[in-house]
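**Student:** Predicted coordinates and the sequence they were generated for:
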Amino acid sequence: MLTQTLNPTHIVIDFDSTFTKVEGLDELAMIALAAHEDREAIVQQIRELTDLGMNGEMPFAEGLRRRIALLSANRSHIDLLIDYLRTKVSESFLRNKAFITDNADHIYVVSSGFKEFIVPIVTELGVRAEHVFANEFLFDEEGNIIGVDENNVLASDGGKIKLLRTLNLVGDVYVIGDGYTDYELRESGLANRFYAFTENVNRPRVVEKADHVSGSLDEFLYDNKLSRSQSYPKSRIKVLLLENVHPAAKKAFEDEGFNVEFLKGALDEDELCERIRDVSIIGIRSKTQLTKKVLESANRLMAIGAFCIGTNQIDLETATERGVAVFNAPYSNTRSVVELAIGEMIMLIRNIVPKSNSMHQGIWDKSASGSYEVRGKKLGLVGYGNIGSQLSVVAEALGMEVYFYDVVDRLAIGNARKVNSMAELFGIADVISLHVDGRKDNTYIVGKEQFDQMKDGVIFMNLSRGHVVEIDALAAAIKSGKIAGAAVDVFPQEPKTNNEAFESELVGLDNVILTPHIGGSTEEAQENIGHYVPSKLLEYINNGSSYGSYNFPEVQLPKLGDSHRLLHVHANVPGVLAKLNSIFAKHNINITGQYLKTNETIGYVIADISKNYSEEFVRELKAVEGTIRFRMLY
Ligand SMILES: NC(=O)C1=CN([C@@H]2O[C@H](COP(=O)(O)OP(=O)(O)OC[C@H]3O[C@@H](n4cnc5c(N)ncnc54)[C@H](O)[C@@H]3O)[C@@H](O)[C@H]2O)C=CC1
Ligand SMILES: O=C(O)CCC(=O)C(=O)O
């Protein structure tokens, strides 16, 4: 399957910015003019001439002559250029060397560039030297480039058309290129299809003329059902990154060849429903609400990356039922939250905020009244997970006595003491800090009744989730003096972007620190998350490994060897594996590895099989009752 070769189609490929990521002549100028004081200006002139030609805005021959005149290059510069171009071959061409080699009879490189540097590059990937048609330099006796071989048709206007005519190709001719002269081959009637190649540059004037747009060679091969290195072209995988996630994430997906869209803010439900339609991976932080309606609009969604700890903003049930894997960063910002909590409790217990505010108004109020050390005070933690337990350790190092309440029976760390209820904890603690997760059941677990249970003059902090605390009850407890100081980082309603205003009953209250949900917002944490979450998503997309997923059965898979990998997500009902195995047996499929993991909702079967199978076999697998999602990797 999927080993079709080209017969009798011919592929004509452009070189500059298609086969390689760069324009050869521009790079030659960079090398040749390395020591020239006007290097940047001259190279810029050459680039502008290249672009005018590529966009069809200047006769080709004129542009070429003017560029050569500006070059001042010689043979030794060409050798350096070849070394450089070896590092600049387009990724999708490198990936599909096997295709190029296997189909060398039908592949031609037709370029307005120069054979002297094109032949060494393309032949290394399997193109035949005699199938390379390009210009040639004229040299003087010292090896300096002094012009272009004018007898070569490619040096003239419409050169590619003239050349292709002489080739007399019989059968279909498909042209792949990024420039207007490539399109002209289609316009002339000598080629049946023109594929605008946009892996390296996207020229709107060329793209609008194209029969197809290919973001990579894989896309071209996929569209034509030809053998290729990728089961599905990565350039077709759309990634939508919201809420200003760290640039490392954007880079990770772009390096992988995915099509990435990056937005600074969050989107509301209607906007999201629209934008998510053809997205395969979405990256969010805490504000974007991935509701049932949004997920049901997401026809191609394979995975969600929560670039944070909390996953309560995602309808996990719907994601799981739709076979969408969710990954988060459970530890990357833990320390940042802990440090902020420690800093805030010291500021609050010392009554620093009103003192600082007074100083800004020119008031000098030196007094110890109402200011305390944290040493020896009782810290009460609600939620003793990753953040709660780490805060416990740091607080003990500061000499605090730590008490905690957790709905799960957690092992106390250090000298921390477990208590049996929130009410008991509130009766003991001088400082209370909430670190529960954002599940719905935790809505308003702290309201008037709970504030009444606390000691007078308590310090209260919430850096967990906004819906956990009743804000009006908190405001009332602060105003009455029950609470001596509060720090709140999370709110029931938070602005979607930095341009929206923030409103809350807590605004303007004395000894209250308000922060815009930045507990996890440190450079360190964001960079860690920016690497961690994409690495998990990429392992899942590229390899099928769901290790570290929040909602999927976790499977850590070996790298895919010389086989095809089938990934089958199904409703967790009895008998699915047996049905899959009977299809494998019926089609005589050689299985080289098989894995199954289930959770309450879904099952995840992975089978590595030898490469010989029919489309009918794949159809039958997809038709097994309970199938939610099926994909194949190779
Ligand atoms: N402000 C910010 O920027 C950040 C906020 N967070 C939030 O902090 C919270 C805690 O994070 P982690 O410690 O990593 O989570 P975690 O899942 O490791 O720990 C949460 C703990 O709370 C416990 N818990 C849940 N409901 C409870 C309840 N009603 N009463 C007592 N215990 C309860 C759980 O059993 C668990 O042990 C999460 O809501 C997270 O989203 C996390 C990072 C940054
Ligand atoms: O940094 C963010 O946007 C959210 C941090 C957070 O609340 C979390 O990690 O759960």
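**Tutor:** Perfect, I can see it now. Ligands and ions are numbered 1, 2, ... in the order given.

**Student:** And the residue of the stretch 451-600 of the chain found nearest ligand 2, how far from residue 288?
**Tutor:** Closest approach of the stretch 451-600 of the chain to ligand 2 (C-beta to the nearest ligand atom) occurs at residue 520, with a separation of 3.8 Å. For every residue, glycine as well, the C-beta is placed using N, CA and C. Using C-beta to C-beta, to the nearest Å, residue 520 is found at 15 Å from residue 288.

**Student:** what does the stretch 501-634 of the chain put close to ligand 1?
**Tutor:** Proximity of the stretch 501-634 of the chain to ligand 1, by C-beta under 6 Å from any ligand atom, involves residues 517, 519-520.

**Student:** any idea what residue 108 is structurally, helix, strand or coil?
**Tutor:** Classification of residue 108 by DSSP: H, G, I helix; E, B strand; the rest coil places it in strand.

**Student:** Model confidence for it, exactly?
**Tutor:** Listed pLDDT for residue 108 reads 98.

**Student:** same check, this time on residue 1
**Tutor:** 42.

**Student:** quick one: low-confidence parts of the stretch 1-150 of the chain?
**Tutor:** 1-8 (pLDDT under 70).

**Student:** What residue in it comes nearest to ligand 2?
**Tutor:** Across the stretch 1-150 of the chain, the shortest distance to ligand 2 (C-beta to the nearest ligand atom) belongs to residue 91, at 32.0 Å.

**Student:** hang on, the earlier thing: return the closest of the residues of the stretch 501-634 of the chain next to ligand 1 with respect to residue 175.
**Tutor:** Nearest to residue 175 out of those is residue 520 (C-beta to C-beta; 50.3 Å).

**Student:** wait, that closest one sits on residue 337?
**Tutor:** Yes. Contact criterion C-beta atoms under 8 Å: residue 520 and residue 337 qualify, at 5.8 Å.

**Student:** Could you list the buried residues of stretch 253-266?
**Tutor:** 253, 256-260, 262-263, 266 (16 or more other C-beta atoms under 10 Å).

**Student:** for stretch 516-527, same thing?
**Tutor:** 517, 519-522, 525-526.

**Student:** Which of the residues of the stretch 501-634 of the chain next to ligand 1 fall in helices?
**Tutor:** Among these, DSSP state H puts none in helices.

**Student:** Tell me which residues touch residue 173, please.
**Tutor:** Taking C-beta atoms under 8 Å, 6 or more residues apart in numbering, we find residue 173 in contact with 9-12, 164, 185, 190-193.

**Student:** Give me the pLDDT value at the closest residue to it other than its chain neighbours.
**Tutor:** Leaving aside its chain neighbours, residue 173 sits nearest to residue 191 (4.2 Å; criterion: C-beta to C-beta, 6 or more residues apart in numbering). On pLDDT, residue 191 comes in at 96.

**Student:** Quick check: residue 191 touching residue 174?
**Tutor:** Yes. Contact criterion C-beta under 8 Å: residue 191 and residue 174 qualify, at 6.6 Å.

**Student:** what's the overlap in contacts for those two?
**Tutor:** residue 12.

**Student:** Enumerate the residues of the protein near ligand 1.
**Tutor:** 309-310, 333-334, 337, 382-388, 405-408, 410, 435-438, 442, 445, 463-465, 489-490, 517, 519-520.

**Student:** Now intersect the residues you listed with the helices, please.
**Tutor:** Per DSSP H, those map to helices at 334, 337, 386-388.

**Student:** Go through those and say which is closest to ligand 2.
**Tutor:** residue 337 (7.8 Å).

**Student:** Distance check, that closest one against residue 15.
**Tutor:** 53 Å.

**Student:** Low-confidence bits of this protein, can you list those?
**Tutor:** If you take pLDDT under 70 as the line, the chain has these spans: 1-8.

**Student:** quick one, domains of it?
**Tutor:** 10-223, 237-327, 334-521, 555-633 (automatic domain parsing).

**Student:** which parts of the stretch 501-634 of the chain sit against ligand 2?
**Tutor:** 520-521.

**Student:** where exactly do the helices run in the stretch 501-634 of the chain?
**Tutor:** 523-543, 576-586, 615-623 (DSSP state H, counting those that start in this stretch).

**Student:** list the helices and strands the longest one packs on?
**Tutor:** Using 3 or more C-beta pairs under 8 Å, 6 or more residues apart in numbering; DSSP states H and E as the contact criterion, the secondary-structure elements in contact with helix 523-543 are helix 247-255, strand 281-284, strand 303-306, strand 325-327, helix 334-349.

**Student:** Check which residues of stretch 111-130 are buried.
**Tutor:** In stretch 111-130, counting by 16+ other C-beta under 10 Å, buried: 111-122, 125-127.

**Student:** which one of these is nearest residue 471?
**Tutor:** For the buried residues of stretch 111-130, the nearest to residue 471 is residue 125 (63.2 Å; C-beta to C-beta).

**Student:** Make sure that closest one is actually in contact with residue 90.
**Tutor:** No. Using C-beta under 8 Å, residue 125 is not in contact with residue 90, being 10.0 Å away.

**Student:** wait, is residue 240 part of a helix?
**Tutor:** No. Using three-state DSSP, the assignment for residue 240 is strand, not a helix.

**Student:** Name all residues that make contact with it.
**Tutor:** 261, 263, 275-276, 279, 281-283.

**Student:** switch to 6 Å and redo it
**Tutor:** 261, 279, 282 (C-beta atoms under 6 Å, 6 or more residues apart in numbering).

**Student:** In the protein, which residue sits nearest ligand 1?
**Tutor:** For the chain, C-beta to the nearest ligand atom, closest residue to ligand 1: residue 385, 1.7 Å.

**Student:** ok, back up a step: selecting buried members of the residues of the chain next to ligand 1 in PyMOL, what would you type?
**Tutor:** In PyMOL, this line selects whichever of these come out buried by 16+ other C-beta under 10 Å:
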select buried, resi 309+310+333+334+337+382+383+384+385+386+387+388+405+406+410+435+436+437+438+442+463+464+465+489+490+517+519+520
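
**Student:** Mind checking which of the residues of the chain next to ligand 1 are in strands?
**Tutor:** 382, 405 (DSSP state E).

**Student:** follow-up on the earlier one: which of the contacts of residue 173 has the most neighbours?
**Tutor:** Neighbour counts for the contacts of residue 173 peak at residue 12, which has 28 neighbours (criterion: other C-beta atoms under 10 Å).

**Student:** And what about that residue, helix, strand or coil?
**Tutor:** Assignment for residue 12 (three-state DSSP): strand.

**Student:** And it, how far from residue 417?
**Tutor:** Counting by C-beta to C-beta, the gap from residue 12 to residue 417 is 77 Å.

**Student:** Tell me if I am right that residue 66 is in a strand.
**Tutor:** No. Remark: residue 66 does not belong to a strand; assigned using three-state DSSP, it is helix.

**Student:** Near it, how many other residues are there?
**Tutor:** Residue 66: 15 neighbours (other C-beta under 10 Å).

**Student:** show me the contacts for it.
**Tutor:** residue 49.
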